[in-house]
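Enquirer: Sharing a model prediction with you, sequence too.
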Amino acid sequence: MLQIAFIRENQEKVIKALAKRNIDAKSVVEEVVQLDENRRAAQVELDNVLSESNKLSKDIGELMKAGEKSKAAILKEKTVSLKEKSKELGEKAEALAVELTNKLYTLPNLPADIVPEGKTPDDNLNVFEEGEIPVLHEGAQPHWELVKKYDIIDFELGVKIAGAGFPVYKGKGARLQRALINYFLDKNTAAGYNEVQVPHLVNEASGYGTGQLPDKEGQMYHSTIDDLYLIPTAEVPVTNLFRDVLLSESELPVLHTAYTPCFRREAGSYGAHVRGLNRLHQFDKVEIVRIEHPDNSYKALDGMVEHVKNILQELKLPYRILRLCGGDMGFTSALTYDFEVFSTAQDRWLEISSVSNFETFQANRLKLRFKDKDGKNQLAHTLNGSSLALPRVLAGILENYQTPEGIVIPEVLRPYCGFDIID
């Protein structure tokens, strides 16, 4: 959530920045500023009434001590009306504060200066590309055919149990899935990330804290009886570990990693581009989350990008890195880099990671602060990244490593799998 003081003092800057997201925010910004003025005016009026009421209470006490009960009674009648007025003003100020907060929830984060202009994924900037695209043998197949051939993932069985988008991993497919999770976690912990296990359900406050609510409410599975949400990413519970937390500057940075299943409704996702593992309702992901000093967050973002690059280099998958344009960025992000692997069998790029800096946007909702060297409380910066999302990584491995004899396991994964080939 954007800070109201910043909006109030930088209205034109906010409007211009959100235009990079292709949003005309002028009317919303003006409404936010007006609501804030009304709220502050109501609060000032309330404070004045409370101050007057407190003064009268003291005067009544002094009059009672002096034995002037009749004068005290007159003042008591005034305090009754002041209490009624203060209640009305308190309710008005509270209602305006709620209305202001709800309006602020509709404004996305401001893009960083280096975010490119653009409206669609076609406008994203390719900033790095590495890895040799393999030449596959004649008759090479996409992964949804390979998993049938080797009986390692059963999409139809998942449909029987839950519905489309809930695959069942079998035999070497399940072991390869587990190997990837363990490998990713080991890489992250070796890089200094503290592993945590977190709930797979979160409450509404957690969804609002990291910005999934109200923006992505339609994409989240909601257990209405308990008012809990299945997590769309480990980012939500891991970052919410620090909701309403005041850290000391010496505790920064905080680095966490977690493996969780992730759940997304992905309403309206149809067509060949979402076949097989390309888009699922339930999938596994290993996440990295950082809480940083504002002065260090962009250096930390660069470090996260290098970390994911190292993993893909070890897996020997061809990949590229895109800096997302304003029109393709997530609601909460100030700057996002997407990683994509090339699927040779599908002849297309598949997104497998997003690494983002949210600056103070999440921290403002979370009330996640740190006490600086001068003893002042400041909002921290939050960052997160997929390290990595499994389905499309697995699809890339199955397709790019296929041979006439079977699917060769990347060398770095063989100690985790216990086998060298799926045949």
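Expert: Done, it's in.
Enquirer: And the lowest-mean-pLDDT helix or strand in the chain, what does it pack against?
Expert: Ranking every helix and strand in the chain by mean pLDDT, DSSP states H and E puts helix 69-104 at the bottom, with a mean of 86. Where contact means 3 or more C-beta pairs under 8 Å, 6 or more residues apart in numbering; DSSP states H and E, helix 69-104 is packed against helix 26-65. (C-beta placed from N, C-alpha, C; glycine too.)
Enquirer: Let me know the angle separating the helix it packs on from helix 69-104.
Expert: If you take axes from the mean of the first three to the mean of the last three C-alpha atoms, to 10 degrees, helix 26-65 sits at 160 degrees to helix 69-104.
Enquirer: thinking again about what came up before, and the least confident helix or strand of the chain, how far out from the chain middle?
Expert: Here helix 69-104 is found 39 Å from its chain centre; the criterion is C-alpha atoms, centre = their mean, to the nearest Å.
Enquirer: what's the answer for stretch 412-423, then?
Expert: Centroid displacement of stretch 412-423 relative to its chain, using C-alpha atoms, centre = their mean, is 33 Å.
Enquirer: pLDDT averaged over that stretch, what's the number?
Expert: In this model, stretch 412-423 has an average pLDDT of 98.
Enquirer: How about stretch 66-78, which residues are buried there?
Expert: Neighbour counts using 16 or more other C-beta atoms under 10 Å place 72, 75 of stretch 66-78 among the buried residues.
Enquirer: Tell me which residues of the least confident helix or strand of the chain come out buried.
Expert: 72, 75, 79, 82, 85-86, 89, 92-93, 96, 100, 103-104.
Enquirer: Closest to residue 373 out of those?
Expert: Lowest distance from residue 373 to those (C-beta to C-beta) belongs to residue 104, with 29.8 Å.
Enquirer: how about the closest one, what does it touch?
Expert: Counting by C-beta atoms under 8 Å, 6 or more residues apart in numbering, residue 104 touches 1, 2, 4, 32.
Enquirer: top of those residues by neighbour count?
Expert: Counting neighbours by other C-beta atoms under 10 Å, residue 32 comes out on top of the contacts of residue 104 with 23 neighbours.
Enquirer: any idea how far residue 106 is from that one?
Expert: Look at residue 32 and residue 106: by C-beta to C-beta, to the nearest Å, they are 9 Å apart.
Enquirer: could you give me the average pLDDT of the helix or strand containing residue 184?
Expert: In the assignment (DSSP states H and E), residue 184 maps to helix 171-190. What helix 171-190 shows for mean pLDDT is 98.
Enquirer: in the stretch 151-300 of the chain, which segments are predicted with low confidence?
Expert: Across the stretch 151-300 of the chain, the ranges flagged by pLDDT under 70 are 267-273.
Enquirer: Okay, strands next: where are they in it?
Expert: 153-154, 168-169, 194-195, 201-203, 222-223, 228-230, 246-248, 254-263, 282-292 (DSSP state E, counting those that start in this stretch).
Enquirer: Pick the most buried one from those.
Expert: Most buried of the strands of the stretch 151-300 of the chain by mean neighbour count (mean count of other C-beta atoms under 10 Å) is strand 282-292; its value is a mean of 24.
Enquirer: by contact count, what packs against it?
Expert: Contact here means 3+ C-beta pairs under 8 Å, 6+ apart; on that basis strand 282-292 packs against helix 171-190, helix 235-240, strand 254-263, helix 297-315, strand 381-389, helix 390-400.
Enquirer: about what we covered before: quick check: next helix or strand after the least confident helix or strand of the chain?
Expert: Taking DSSP H and E, what comes next after helix 69-104 is strand 125-130.
Enquirer: Give me the helices and strands touching that next one, please.
Expert: If contacts are counted by 3+ C-beta pairs under 8 Å, 6+ apart, strand 125-130 sits against helix 297-315, strand 319-323.
Enquirer: closest to residue 203 out of those?
Expert: Between residue 203 and the helices and strands packed on strand 125-130, the tightest spacing by C-beta to C-beta is seen for helix 297-315, at 27.1 Å.
Enquirer: Switch the helices and strands packed on strand 125-130 over to CSV, and while doing so, append mean neighbour count and distance to residue 332 to every line.
Expert: Output for the helices and strands packed on strand 125-130, formatted as CSV (neighbours: other C-beta atoms under 10 Å; distance: least, C-beta to C-beta, whole Å):
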stretch, mean neighbour count, distance to residue 332
helix 297-315, 18, 14
strand 319-323, 21, 17
